[in-house]
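Peer 1: What follows is a predicted structure for the sequence shown.
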Amino acid sequence: MITDSPRVGLSVSAVLGAALIWSSSFAVTKVALAEIPPMTLGSLRFVLAAAVLGVAVHTGPDRRRLPSPRQRLTIGAAGLLGITAYFALENVGVDLATASDATLIVASYPILTLVLSGRAAFSPARLTGMLVAVAGVWLVVRGQPGGSHSLWGDLFLIAGGVVWAAYNILARRDGSGASPIVVTYYQTLAGAGGFVLLSLSEVDRWSVPSGGTVLRIGFLAGLCSVAAFLLYNHGLRGLEPSVAVNLLNVVPVAGLVWAVVLAGETLTITQVLGGAVVIAGVTLGLRRKPAM
């Protein structure tokens, strides 16, 4: 219907807005890591995000529909996996490798999630897409000129993909019936707690960050961890999930631009080719079987 066009347009804009914000997080993280160690950065980011989400949850209409203590434990377990474990691996990976590597390797995560979920029908298109995406990741890793540190960083990022897939499988089992913002709040709260404990191992590296780094932390917490999530969920209300996921393929493309502009990185031809192959593989792998 014609009356639906503005709503669809707003939904597409919301998802694209979320994708553009998320695509910048790798470059912003890379710059912030020059002053703040990985676990401490995660702690600051998610403690602040949890505080923002906590105010929204406890003052908004969802405050009367909070999950039970037992349900909060289940949600919190997912938060420890999807926030503490995943972002710890991502931060270390970005610290050792590059923001552009992270951007391109993360593009293969949807395929990895599809493989580990064990519930998807492996059509020839999906299997081909998976193999193409894996080949693209190999090109990204092979094309990185940074030596053994970058290779270790890439391996941390790939391990993060396994953790992210496991998180998605666990998160699907949430039966609390709570709204997305409430679930995200309790996941973020647990993830922040995990990061606080991990950051204690970096006490000897703590220092007062510069004003620019404080702004970067605020950006990661307020925009990447809160605003982008809200935009994405708003967009999901007016779009098919498959359409929203496909729109997120803009993340690796825009992320390369941010890596060059914000982190001052340079890309090799092999990395650019690998990125194109990853995106092609993900797009192919996420295709649904045509209806009979």
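Peer 2: Done, it's in.
Peer 1: At which residues are the helices of this protein located?
Peer 2: Assigned helices in the chain, in chain order: 5-32, 38-59, 69-79, 86-96, 99-106, 109-117, 124-142, 148-171, 180-199, 211-218, 228-236, 241-247, 250-261, 269-285 (criterion: DSSP state H).
Peer 1: what's the most buried one of those helices?
Peer 2: helix 99-106 (a mean of 30; mean count of other CB atoms under 10 Å). (Each C-beta comes from the backbone N, C-alpha and C, glycine too.)
Peer 1: Not counting it itself, show me its contacts.
Peer 2: 23, 26-27, 29-30, 90, 93-94, 136-137, 140-141, 144, 150, 153-154, 157-158, 160-161, 251-252, 255-256, 258-260, 262-263, 265, 267, 271, 274-275, 278 (CB atoms under 8 Å, 6 or more residues apart in numbering).
Peer 1: For Gly136, see how far away Leu256 is.
Peer 2: Look at Leu256 and Gly136: by CB to CB, to the nearest Å, they are 13 Å apart.
Peer 1: shared neighbours of these two, anything?
Peer 2: Here Leu256 and Gly136 have Leu104, Gly275 as joint contacts, going by CB under 8 Å, 6+ apart.
Peer 1: show me the contacts for the closest residue to Leu273 other than its chain neighbours.
Peer 2: Nearest non-adjacent residue to Leu273, counting by CB to CB, 6 or more residues apart in numbering: Leu139, 5.9 Å away. Applying CB under 8 Å, 6+ apart, one finds that Leu139 lies in contact with Thr270, Gln271, Leu273, Gly274, Val277.
Peer 1: what's the spacing between the third one and Ala107?
Peer 2: According to CB to CB, Leu273 and Ala107 sit 13 Å apart.
Peer 1: Could you do the second one as well?
Peer 2: Plainly put, Gln271 is 12 Å away from Ala107 if you go by CB to CB.
Peer 1: roughly how far out does stretch 76-84 sit from the chain middle?
Peer 2: Relative to its parent chain, stretch 76-84 has a centroid offset of 13 Å by CA atoms, centre = their mean, to the nearest Å.
Peer 1: before we move on, what about stretch 127-136?
Peer 2: Taking CA atoms, centre = their mean, the mean C-alpha location of stretch 127-136 is offset from the chain mean by 20 Å.
Peer 1: quick one: average confidence on that stretch?
Peer 2: The average pLDDT for stretch 127-136 rounds to 75.
Peer 1: before we move on, what about stretch 86-100?
Peer 2: Per-residue pLDDT values over stretch 86-100 give a mean of 91.
Peer 1: chain center to that stretch, what's the gap?
Peer 2: With CA atoms, centre = their mean as the basis, the mean position of stretch 86-100 lies at 12 Å from the chain mean.
Peer 1: picking that back up, for Arg205, which of the helices of the chain is the nearest?
Peer 2: Go through these one by one with CB to CB and the one that ends up closest to Arg205 is helix 38-59, at 7.3 Å.
Peer 1: residues contacting Leu231?
Peer 2: So, once contact is read as CB under 8 Å, 6+ apart, Leu231 ends up touching Ala14, Val15, Gly17, Ala18, Ile21.
Peer 1: so who does the last one touch?
Peer 2: Pointing back at Ile21 there. Applying CB under 8 Å, 6+ apart to Ile21 gives the contacts Leu223, Cys224, Ala227, Ala228, Leu231.
Peer 1: Just give me the closest of those residues to Leu198.
Peer 2: Proximity of the contacts of Ile21 to Leu198 was ranked by CB to CB; the top entry is Cys224 with 19.2 Å.
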